[in-house]
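[1] have a look at this fold, sequence not included:
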């Protein structure tokens with residue numbers, strides 16, 4: 001694992017945590033940031049999680065010996 005793939009993997013983890021938090025906020029009925037903002041955060045972080053994870057895997061595979 002390279003530092004670059006570690007950064008991508010860390011970004012994937014942070015985005016996944018934000019997505020899960022947004023789901024909990026929306027399911028509670030009263031989101032602290034409002035339903036629209038929380039929905040936007042959820043919409044952005046779900047694909048971002050997958051993109052960062054995919055980039056981390058590609059980078060790790062490219063730098064394997």
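    Great, that's in hand. Since we're looking at a predicted model, the values are computed, not measured.
[2] tell me the mean pLDDT over stretch 55-65?
    Averaged across stretch 55-65, pLDDT comes to 89.
[3] count the neighbours of residue 58 for me.
    12 (other Cβ atoms under 10 Å). Backbone N, C-alpha and C define where each C-beta goes, glycine included.
[4] which SSE is the nearest residue to residue 38 once chain neighbours are set aside in?
    Residue nearest to residue 38 in three dimensions, not counting chain neighbours: residue 31, with 4.1 Å by Cβ to Cβ, 6 or more residues apart in numbering. Remark: residue 31 resides in no helix or strand, with elements defined by DSSP states H and E.
[5] gap between residue 31 and residue 37?
    Distance from residue 31 to residue 37, counting by Cβ to Cβ, to the nearest Å: 8 Å.
[6] next: residue 61.
    Residue 61 is 36 Å from residue 37, by Cβ to Cβ.
[7] and the residue most central in space within the chain, which helix or strand is it part of?
    For the chain, the residue nearest the mean C-alpha position is residue 15 (2.1 Å; Cα atoms, centre = their mean). Per DSSP H and E, residue 15 falls inside helix 3-28.
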